[in-house]
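K.L.:
Quick one, structure for this:
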Amino acid sequence: MDIPAQHTIREAHHRILDPFTDEKLAVLGRALRLTPGTTILDLACGTGELLSTWARDHGTVGTGVDKSSVFVGRARARAAELGVDVTFVNDDASGFVAPEPVDVAACVGASWIGGGVVGTLELLEKSLEPGGVALLGEPFWREDPPGEVATRWGDFRSLPGLVAQLGEAGWDLVEMVLADEDSWDRYVAAQWLSTREWLDANPDDQLWAEMRAELDTAPLAYVTYQRRYLGWGVFALMKRP
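P.N.:
The predicted structure is shown next:
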């Protein structure tokens, strides 16, 4: 069980696999008013930075699930480096339910595991204590994009449209932290250097031509369209009674 190698090539040096900086992840942890012993489940956790740094900073405990053996290996190494009480499971997060209810259930940037926003919230709810918090990381359009942009990057809603969708699904939005252009740069632009280093080191790899073509086009596409039009944020939600 694993993910396409292209992802691990691009994000070989990322600790956060979303357009969030260390500072924004820390802001989110403080905004949630986490306390020692708070239990967290993070589905599609990537390299586990959310779980590990919050355990270090707030004394939380928890489990991360991801289908990438590479990312789970890095997550375990990071947890050991920080000396924190978190567990990582190499498994498909879609359909994963915690054996015991948790205080916070998260899916930050991978709502495809539930077939979209509503399905992912339904999945997270299965692991939540009554009154618990669901965290959803999701893109949205900052302004109406040209048709070719929407086709390339996805059928997302505007920020008001996304917030309305969350409410219609029966959830109260109780906090949010949004990416900005700088955090997008640190996520996307950093992929280009990782890709170039990989290309230089792996000239005979079967993925070389594909990754070379990607590096030829990705920077211009990003600065022309994605940086301007695509937003992203983490939304903290509580189910309405």
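K.L.:
In contact with Trp208: list those residues for me.
P.N.:
Counting by CB atoms under 8 Å, 6 or more residues apart in numbering, Trp208 touches 199, 202. Just so you know, the C-beta spots here come from the backbone N, C-alpha and C atoms, and that holds for glycine as well.
K.L.:
what's the answer for Gly131, then?
P.N.:
Counted by CB under 8 Å, 6+ apart, Gly131 has contacts Met238.
K.L.:
what about it, is that helix, strand or coil?
P.N.:
Three-state call for Gly131 (DSSP: H, G, I helix; E, B strand; the rest coil): strand.
K.L.:
Can you give me the distance of Ala18 to Ala12?
P.N.:
Check again: residue 18 is Asp, not Ala. 16 Å (CB to CB, to the nearest Å).
K.L.:
let me fix that: Leu207
P.N.:
Taken as CB to CB, the span from Leu207 to Ala12 is 13 Å.
K.L.:
where do the strands sit along the protein?
P.N.:
39-43, 61-66, 86-90, 102-108, 128-141, 171-178, 230-239 (DSSP state E).
K.L.:
Could you list the low-pLDDT ranges of this protein?
P.N.:
Along the chain, segments meeting pLDDT under 70 span 1-2.
K.L.:
In it, where's the longest helix?
P.N.:
helix 181-201 (DSSP state H).
K.L.:
From the rest of the structure, what touches that helix?
P.N.:
Contact with helix 181-201 is made by 9-14, 16, 18-21, 24, 179, 208, 211-212, 214-215, 218-219, 222, 226-227, 230, 232, as judged by CB under 8 Å, 6+ apart.
K.L.:
Arg56: what's its closest spatial neighbour, skipping adjacent residues?
P.N.:
Leaving out its chain neighbours, the residue that sits closest to Arg56 by CB to CB, 6 or more residues apart in numbering is Leu82, at 4.9 Å.
K.L.:
Contact partners for that neighbour?
P.N.:
Residues in contact with Leu82 (CB under 8 Å, 6+ apart) are 52-53, 55-56.
K.L.:
start to end distance for stretch 91-111?
P.N.:
Counting by CA to CA, to the nearest Å, you get 16 Å between the two ends of stretch 91-111.
K.L.:
follow-up on the earlier one: for ChimeraX, what selects the buried ones among the contacts of helix 181-201?
P.N.:
Here is the ChimeraX command that selects the buried residues among the contacts of helix 181-201 (16 or more other CB atoms under 10 Å):
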select :9,10,11,12,14,16,18,19,20,21,24,179,211,214,215,218,222,226,230,232
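K.L.:
Narrow the contacts of helix 181-201 to those in helices?
P.N.:
Those of the contacts of helix 181-201 mapping onto helices are 9-10, 24, 208, 211-212, 214-215, 218-219, 227, per DSSP H.
K.L.:
circling back: now neighbour count and distance to Ile40 too, for the contacts of Leu82, in JSON lines please.
P.N.:
Below are these laid out as JSON lines (neighbours: other CB atoms under 10 Å; distance: CB to CB, whole Å):
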{"residue": "Ser52", "neighbour count": "28", "distance to Ile40": "11"}
{"residue": "Thr53", "neighbour count": "21", "distance to Ile40": "12"}
{"residue": "Ala55", "neighbour count": "23", "distance to Ile40": "8"}
{"residue": "Arg56", "neighbour count": "16", "distance to Ile40": "13"}
